[in-house]
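Q: Here is a sequence together with a model predicted from it:
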Amino acid sequence: MSSARHPSWRRSYRERAALPTVSPLAAYLLRLISIKKTNLCFSADVTTTAELLALAEEVGDSICILKTHADIVTDFNDRTMKGLQDIARKKRFLVFEDRKFADIGSTVQKQYAGGPQRIVRWAEITNAHILPGPGIVTALKEAAAGAIAAYNTAVHTEISASPTPSVDSDEADSPVLSDTSADMDRLSVARVADRKQSVVSISTTISTRTENISPHPTPDIEHEDGADTAALLDRLGDAPFQRSLLLLAEMSSEGHLLTGAYTAQCVAIARQHRDFVIGFIAQRSLNADDADNFITMTPGVQLPPPGKEAKKMGDALGQQYNTPRKIVLEQGCDVIIVGRGILYAADRKAEAERYRREAWQAYEERVGLLRS
Ligand code: 5BU
């Protein structure tokens, strides 16, 4: 079957979320996209935690995914991970670490779950090359399963500090500190220990996590145009604690070698792991079999400056750009990934909205909700 005619081109995100082969995290993402009306992923390629978190706050309402390169953030630490998670939960988007794993199974497991970044703990989505062979997918899936199991049985320590009548006013409203991991708990202990003697009681509760046990099903919420997005997102709830992988099937850079038989092999491997591989990084939809419902995410997207619409766009280092319209409407891709197009704008929030609108309109045209 020609990929141009695959049914996924005409299906809405919401319809695709209900198909039988969809994984719980893919279903959540597709429903989130549908409710938030955004198929925009922002690539936050900045070098400090402060910038990263400020950007997440600034554009969070306009995106379905925030993409990171943790290894370019010079002060990446627990605060970065926790900050990102908090903002993602508040603004409702997923986090995608663009790690591009490409080593043997044993090594990628350590890179994914360990090291200073512990990607599996804070990024719902990551990606991998298939250069080392299909074992890379099995290895990452196994590491993800380990992290999910650990999360679901994690010891949840709560430390509460009660003020006494004699405390200073700024201490009187000391918050109850409650974090979700051993490291965060250590941070909390340090913060409590920093306080003056007026903190008189520290009670520690150890309990097995009962909320958010994964996979919890995402509700399929009916929503009409003009519905209250915030209320719908509240009903959608938090993302299930699941992990997913994108395979690098094509790149955006000039002369890349991810072509032909290599790309086809990527698709074949993905089909063997539909519960973990939710899609591809590619420049066109690769859905071809009846059961295919892969989500295509596409970098190398920019809007041309006014008057330069017909010009080929790129940077001086081989990056090549297409417009959101071309990628979503003509190539059948599902999520556009935009970095500098938004990052270098004077008003990033407004620019993110402009990209969101463009990509959303192209999607509505593709599935037949709008006339071209
Ligand atoms: P840009 O500023 O929109 O060009 O940033 C694109 C981002 O997507 C950047 O983080 C790249 O590392 C990433 N990227 C890409 O540009 N092309 C690819 O093929 C892949 C990732 Br895979």
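A: Sure thing, it's come through. Residues are numbered from 1 along each chain as shown.
Q: residues contacting Ala316?
A: Contacts for Ala316 were tallied using CB atoms under 8 Å, 6 or more residues apart in numbering; there are none. For the C-beta atoms, the positions are set from N, CA and C on the backbone; glycine is no exception.
Q: Put the alpha carbons of stretch 55-70 into CSV.
A: The C-alpha trace of stretch 55-70 is given here as CSV (Å, rounded to 0.1, in the frame of the first residue of the first chain):
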residue,chain,number,x,y,z
LEU,A,55,11.2,28.5,28.2
ALA,A,56,9.1,25.6,29.3
GLU,A,57,6.9,28.0,31.2
GLU,A,58,6.8,30.5,28.4
VAL,A,59,5.8,28.2,25.5
GLY,A,60,4.3,25.3,27.6
ASP,A,61,0.7,26.2,26.7
SER,A,62,1.3,25.9,23.0
ILE,A,63,3.1,22.6,22.8
CYS,A,64,2.4,18.9,23.1
ILE,A,65,6.1,17.9,23.7
LEU,A,66,9.2,19.7,24.9
LYS,A,67,12.4,18.3,23.4
THR,A,68,15.7,18.5,25.3
HIS,A,69,19.4,17.8,24.8
ALA,A,70,20.3,17.3,28.4
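Q: Please identify the buried residues of it?
A: Neighbour-count burial for stretch 55-70, with 16 or more other CB atoms under 10 Å as criterion, is recorded at 55-56, 58-70.
Q: State the distance from whichever residue of the stretch 101-250 of the chain sits closest to the ligand to Thr38.
A: Ranking the residues of the stretch 101-250 of the chain by distance to the ligand (CB to the nearest ligand atom) places Leu248 first, at 5.2 Å. Here the criterion is CB to CB, to the nearest Å. By it, Leu248 lies 23 Å from Thr38.
Q: which one of those two has more residues nearby?
A: Thr38 (27 against 22; other CB atoms under 10 Å).
Q: ok but the more buried one is inside a strand, no?
A: No: with DSSP: H, G, I helix; E, B strand; the rest coil as the criterion, Thr38 is coil rather than part of a strand.
Q: That one touches Ser62, doesn't it?
A: Yes: with contacts counted by CB atoms under 8 Å, Thr38 reaches Ser62, the gap being 5.9 Å.
Q: Quick one: name the residues of the stretch 201-350 of the chain near the ligand.
A: Proximity of the stretch 201-350 of the chain to the ligand is confined to 248, 251-253, 281, 299-300, 319, 337-341 under the rule CB under 6 Å from any ligand atom.
Q: What subset of these is buried?
A: Using 16+ other CB under 10 Å, the buried members of these are 248, 251-252, 281, 299-300, 319, 337-339, 341.
Q: Show me which of those is closest to Ala268.
A: In terms of CB to CB, no member of those lies closer to Ala268 than Leu248, at 14.4 Å.
Q: Mutual contacts of Thr38 and Ser62, please.
A: Between them, Thr38 and Ser62 have Arg356 as joint contacts when contacts are counted by CB under 8 Å, 6+ apart.
Q: give me every residue that touches Gln331.
A: If you count contacts by CB under 8 Å, 6+ apart, Gln331 has them with 283-285, 298, 322.
Q: Inside helices: which ones of those?
A: Taking DSSP state H, every one of those sits outside helices.
Q: Need the max-distance pair from these.
A: Of all pairs in those, the most separated under CB to CB is Ser285 and Asn322 at 13.8 Å.
Q: so who does Ile281 touch?
A: Residues counted as contacts of Ile281 (CB under 8 Å, 6+ apart) are 127, 246-251, 296-299.
Q: Apologies, that question was intended for Ala352.
A: Contacts here follow CB under 8 Å, 6+ apart; on that basis Ala352 touches 40, 42, 58-59, 62-63, 338, 342.
Q: now swap in Thr68 and tell me
A: Contacts of Thr68 were listed using CB under 8 Å, 6+ apart, and they are 44, 52, 84, 95-98, 123.
Q: Isn't Leu40 up against Val338?
A: Yes: the pair Leu40 and Val338 qualifies as a contact (CB under 8 Å) at a distance of 6.6 Å.
Q: Overlap in contacts, the two.
A: Shared between the contact lists of Leu40 and Val338 (criterion: CB under 8 Å, 6+ apart) are residues 352, 355.
Q: Check for me that Arg31 belongs to a helix.
A: Yes: with three-state DSSP as the criterion, Arg31 is part of a helix.
Q: Just give me the neighbour total for it.
A: Residue neighbour count, defined by other CB under 10 Å, stands at 23 for Arg31.
Q: what's the pLDDT at it?
A: Arg31 is assigned a predicted lDDT (pLDDT) of 97.
Q: Just give the nearest non-adjacent residue to it, would you?
A: Nearest in space to Arg31, with sequence neighbours left out and distances taken as CB to CB, 6 or more residues apart in numbering, is Ala17 at 4.9 Å.
Q: Is that neighbour in contact with Asp220, as I believe?
A: Yes: counting by CB under 8 Å, Ala17 does reach Asp220; the two are 6.7 Å apart.
Q: Please say which of those two ends up with more neighbours.
A: Ala17 (21 against 15).
Q: how much space between the more buried one and Asp334?
A: When distance is defined by CB to CB, Ala17 is 12 Å away from Asp334.
Q: Tell me what the closest residue to the ligand within the stretch 1-150 of the chain is bridged to.
A: Here the stretch 1-150 of the chain gets closest to the ligand at one residue, Ser43, 4.0 Å apart by CB to the nearest ligand atom. Applying DSSP bridges to Ser43 gives these bridge partners: Lys67.
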